[in-house]
Structure formats: structure tokens, C-alpha cells
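Student: Structure for this input, please:
(chains A, B, C and D)
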There are 2 protein chains.
Amino acid sequence: MTREPEETVASKITRILAERIVSGALAPGEKLRQDHIAAEFGASHVPVREAFRRLEAQGLAVSEPRRGVRVAAFDPAEMREVAEMRSALEALALRHAVPHLTPAMLAEAERAADAADRCRDIRSWEAANRRFHRLLLAPCGMPRLLRTIDDLHAASARFLVGGSAAAWEPRVDVEHRAILAALRRGDADAACATLARHVKRIGPLPRRARVEQGGYPLFG
Amino acid sequence: MTREPEETVASKITRILAERIVSGALAPGEKLRQDHIAAEFGASHVPVREAFRRLEAQGLAVSEPRRGVRVAAFDPAEMREVAEMRSALEALALRHAVPHLTPAMLAEAERAADAADRCRDIRSWEAANRRFHRLLLAPCGMPRLLRTIDDLHAASARFLVGGSAAAWEPRVDVEHRAILAALRRGDADAACATLARHVKRIGPLPRRARVEQGGYPLFG
DNA sequence: ATTCGCTATTTTATCTATAAAATGGAGTGG
DNA sequence: CCACTCCATTTTATAGATAAAATAGCGAAT
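Tutor: This next block holds a predicted model:
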């Protein structure tokens, strides 16, 4: 069990389980057995339980006293909820980031958007997309808000990887560019409105009619 | 140490410590000693540590690996951040609650607003005010959003009780009434805008000039 | 006076073991 | 077949102990 010098056992277990949940290796609703996980990591139950508490905090797991922990499920309603929350909170973060965004930061964000466009698989796309968003929002300097947005991104990533990987395909994201263009001409309102809409919009329905109508926050 | 049949030791410790943090009995920045708290509750360190993880999740505590846990501090920037997040998220919740609000629910909310107006101390006012908000928002049926709002309310309560109790005084909250009136005439836009503004507005500056200018989310 | 090194003590993180609660299966009765 | 009871087994929650890391205090060197 390799871990960073600063990383505690509990933190490492948290990190690895979170990755598994987000990647779909641990399925929604699946029971998380503290005894099995402890055995797998060569640890005691205690750091496993601490990891569970942290996963709960991130919305990745749900527990019931004395009955164990499950990977949090997701359904269309929750996906819409996450999309709506992201829309509201990312627009708020961008509003506060705007006064701090420099041309160099926007250039960096554009490079991130380019990198996302070049991705060939959904996982690396998701990470690159998340980076793009983070580069624009972090200058808001509001830690609680950014943490909340991170958790919502993790939930989105789960829906994406677990729900619609087959529907995804490489593309150029014109809305990323529209956000950057608005920011460059100093139009904060347009940038925020575009971002809010972008986060909420539905995936590529014209090409994949079987994708369910419902406000999936999949491709923002 | 009394606890509910369903409540685990860790949950009880979480609950009690959260109450102390919100009430100000545990001060911002104060060190939370796992060994002392364990001794106080007649428990081992293990459920105390689990309680710490939960308090962190609620934003009431901050921890550093191997260096312990402190009561989360608050400063004007954080208070403004919480106000902004509440404004965005409560407006979102109300928007989604509107189609589900019945006249009976609005009457109940009005009774809660009346109860808040009658409060003689800031603590009971905070609880009544929170109840008013909750009655309006809960019909949105978005659990993650409501949990997030709850945590933000706890943070607000802390600022309120710990920061400006001396500045508070009983009053009739006309904005609560304005929100209810807008809802009753079916004007969701006005209701949401009033709520957003109400959550963000500054406390009674005209009467207490020494209260710092800064966007305190104190009296919403 | 300040900085560094060393050591003792304290505090945090985790272990092993155990108690309490939940679960599962078998048997019985209607 | 279904519902209930009982008991064995499993799983979760926690206690007490221990190891690892951090902190505090003292003395020596500059």
C-alpha cells in the first residue's frame, strides 16, 4: 500500500475508493464492506470508517447507522439537481473570478480547452474539462464555494462515466470558446450566462436519439 | 452520556459538538482535542475522530493530518461567501419549490415568520427564521441542494450568534412578508429575487454604526 | 539574543480485540 | 405458502493499547 509521506492511511483509502466510485469500478448502490476493504488495504476497520465518513461528505457514499455503507446511487432527478446547482454556483464563482482573471490565465484556460478538445476518451476528457472550469473559477478566491463545486464535478463525472460513456464522442466545444471570448471582451454577464447554460445543457441529442431527454449535465 | 436508541456514540458527539460550535461555546480557531473530548464523553478516540470527520463535512471544523482539528474560523470574507452561496442556492431551491407550494404550506410558513417576529433572543430567532426558510424550500425535493443549504445556515447561525448578537433586536421582518406575498400572487420571479436579496442584505446599519460594512448574512 | 540539536513528553493515527446489532437460515404453526 | 420465532453467524461500532509523529523545553554554539 503506497502512500505519500503526508498522506494518512485513511486519506489514501478515501482517495482510492473515490477514484473507484467516480470511475464506475464501484457501482451505484454497491455495498462497501468495511471488513473487506480493510483486508484489501491491509489496514484496520478504523481508517476505513474514517474514509467512509469522508466519502459521505463528498456525496459519493451513503451510510445508515449499523447497516453499513453503499456507493451513492444516481438517478435522472439527481443528475438534474447537480446540473442546476453547478449552473448556479459556477456562474457565481465566475462572477467573482472575473475581476481577477488576467490574459495569462485566460490563455492557460484556452490551452486547457484545446487539450479537452483533443481527448480521445471520456475519462481524459472529463479531467481536462474539469481543469478548464477550475482555471476559470479558482480566482474567485472563495474556498467553500470551490469545494462545493468540486464535489458537484465529481458527481457529474460519475454520471458521465457511468451513464453515457457510449454517447460521448470527441468534439470541439464551442461554448468553452464563447465563454473565453466574452471574458476577453470584458462582458462578464455574457460569460456567466453562457457558463450557466453550458453546464446545464443536454448532450448531443441530434446524433443519439436514445439518450434520454432530461437535462443531463454530461458534456459541460 | 444519553443518546437515542438509533444514535451511535459518534453521531451523538457530532451533534453535541456541532451545537457547541454553532452556539459559540467552542470558539473559532479553538483546538479540538480528541483525547480530552473522548474523556469528557467517556468514549474512546475512535468515535471522536469520526465525529471530527462529520464536523469537517459540515464546515464547522478544519483538520490537518497529524496536527489535530480546530473549530473553523470565520472572517468577513467567509461570511460574504456564505451569503452569496445562500443567495444563489436558496433562490434556486425556491424556484423549484414554487410549483409544489400549496396555500396551506404558505400559511404554515407565515406562522413561522410570525413566530420569528415574536422572538426575544437571537438564538430562538435564528431557529425560527431557519424554519421559515426551510418550509418554503423543502418542497423543491432536491436533497443535495437542501443539505448544502442546511450547512450554509449553520455557518450563518455561527456568524450571527458569535459575531453580532449584540446588534440584533426583535423586529418585524417585512421581507419575509414580501416573499410570501409574491408567492401568493404567483410571481415566482419576484419571490426568488426578494429571497436572494433578503439573504444577502446587511444588518441594521442605521442603528448600529459600528457594525462593519461588508455584506453580513446576518439577518436573513 | 538567536538558532540549532537533542530528548522527553504529548498528541494523533491506527491496531487488535470485543461487544452490540443486524442478518440469514431453519423449524414450527396456521 | 406465509408469518413468526429462535439461534448461529456475520457485520458494524467501539474500547483499550500501542506506534508514529509532533511539540515543547533545555542546553550549547554563534
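Student: care to break chain A down by domain?
Tutor: A:9-71, A:76-200 (automatic domain parsing).
Student: and the ones you listed as JSON lines, adding mean neighbour count, mean pLDDT and distance to residue B:111?
Tutor: C-betas here are computed from N, CA, C, even on glycine. Below are the domains of chain A laid out as JSON lines (neighbours: other Cβ atoms under 10 Å in any protein chain shown; pLDDT from 0 to 100; distance: least, Cβ to Cβ, whole Å):
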{"stretch": "domain A:9-71", "mean neighbour count": "17", "mean pLDDT": "94", "distance to residue B:111": "33"}
{"stretch": "domain A:76-200", "mean neighbour count": "18", "mean pLDDT": "92", "distance to residue B:111": "29"}
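Student: With distance to residue B:163 as extra columns, can I get those domains in JSON lines?
Tutor: Below are the domains of chain A laid out as JSON lines (distance: least, Cβ to Cβ, whole Å):
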{"stretch": "domain A:9-71", "distance to residue B:163": "26"}
{"stretch": "domain A:76-200", "distance to residue B:163": "17"}
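Student: Out of these, flag the one nearest DNA strand C.
Tutor: Closest approach to DNA strand C among the domains of chain A (Cβ to the nearest atom of the strand): domain A:9-71, 2.8 Å.
Student: Pull up the distance across that closest one, start to finish.
Tutor: Start-to-end span of domain A:9-71 (Cα to Cα, to the nearest Å) is 20 Å.
Student: so where does the residue most central in space within chain A fall, helix or strand?
Tutor: Taking Cα atoms, centre = their mean, the centroid of chain A lies closest to residue A:153, which sits 1.9 Å from it. Element membership of residue A:153, judged by DSSP states H and E, is helix A:143-163.
Student: which other helices and strands contact that helix?
Tutor: Applying 3 or more Cβ pairs under 8 Å, 6 or more residues apart in numbering or on different chains; DSSP states H and E, we find helix A:143-163 packed against helix A:9-23, helix A:76-97, helix A:122-137, helix B:76-97.
Student: Would you enumerate the residues in contact with the closest residue to residue A:115 other than its chain neighbours?
Tutor: Spatial nearest neighbour of residue A:115, excluding adjacent residues (Cβ to Cβ, 6 or more residues apart in numbering or on different chains): residue A:128 at 4.8 Å. By Cβ atoms under 8 Å, 6 or more residues apart in numbering or on different chains, residue A:128 lies in contact with A:112, A:115-116, A:119.
Student: ditto for residue A:113
Tutor: Per Cβ under 8 Å, 6+ apart, neighbours of residue A:113: A:132, A:173, A:176-177, A:180.
Student: Mind checking which of the contacts of residue A:128 are in helices?
Tutor: A:112, A:115-116 (DSSP state H).
Student: Okay, whichever residue of chain A sits closest to DNA strand D and residue A:49: tell me how far apart.
Tutor: Closest residue of chain A to DNA strand D, Cβ to the nearest atom of the strand: residue A:68 (3.0 Å). Using Cβ to Cβ, to the nearest Å, residue A:68 is found at 11 Å from residue A:49.
Student: quick one: common contacting residues for the two?
Tutor: Contacts common to residue A:68 and residue A:49, judged by Cβ under 8 Å, 6+ apart, are residue A:34.
Student: Could you verify that residue A:62 is part of a strand?
Tutor: Yes. Remark: residue A:62 belongs to a strand, assigned using DSSP: H, G, I helix; E, B strand; the rest coil.
Student: Can you name the residues of chain A that neighbour DNA strand D?
Tutor: Taking Cβ under 7 Å from any atom of the strand as the measure of proximity, chain A contacts DNA strand D at A:31, A:33-35, A:44-46, A:49, A:63, A:65-69.
Student: ok, 6 Å please
Tutor: Applying Cβ under 6 Å from any atom of the strand, one finds that chain A approaches DNA strand D through A:33-35, A:45-46, A:49, A:65-66, A:68.
Student: so of those, which ones are in strands?
Tutor: residue A:68 (DSSP state E).
Student: which among the residues of chain A next to DNA strand D are in contact with DNA strand C?
Tutor: A:45-46, A:66.
Student: Relative to residue B:86, how far out is residue A:16?
Tutor: From residue A:16 to residue B:86 the distance is 34 Å (Cβ to Cβ).
Student: With residue A:161 instead?
Tutor: Residue A:161 is 31 Å from residue B:86, by Cβ to Cβ.
Student: Could you do residue A:36 as well?
Tutor: For residue A:36 relative to residue B:86 (Cβ to Cβ), the value is 41 Å.
Student: how long is stretch A:180-193 end to end?
Tutor: End-to-end span of stretch A:180-193 (Cα to Cα): 12 Å.
Student: Say whether chain B is contacted by that stretch.
Tutor: No. Legend: contact between stretch A:180-193 and chain B by Cβ under 8 Å from any Cβ of the partner chain is lacking; minimum distance shown is 11.3 Å.
Student: what residues does chain A put near DNA strand C?
Tutor: So far as Cβ under 6 Å from any atom of the strand goes, chain A lies against DNA strand C at A:8-10, A:43-47, A:50, A:66-67.
Student: Please identify which of the helices and strands packed on helix A:143-163 is closest to residue B:196.
Tutor: helix B:76-97 (4.2 Å; Cβ to Cβ).
Student: Any residue of that closest one touching chain A?
Tutor: Yes. Looking at helix B:76-97 against chain A by Cβ under 8 Å from any Cβ, the contacts come from B:77-78, B:81-82, B:84-85, B:88-89, B:91-92, B:96.
Student: Report the angle between that helix and helix A:143-163.
Tutor: Relative orientation of helix B:76-97 and helix A:143-163, computed by axes from the mean of the first three to the mean of the last three Cα atoms, to 10 degrees: 40 degrees.
Student: What helices and strands are in contact with helix B:76-97?
Tutor: Packed next to helix B:76-97, using 3+ Cβ pairs under 8 Å, 6+ apart, are helix A:76-97, helix A:143-163, helix B:122-137, helix B:143-163, helix B:188-200.
Student: which helices and strands sit right next to the shortest one?
Tutor: Contacting helix B:188-200 under the criterion 3+ Cβ pairs under 8 Å, 6+ apart are the following elements: helix B:76-97, helix B:174-184.
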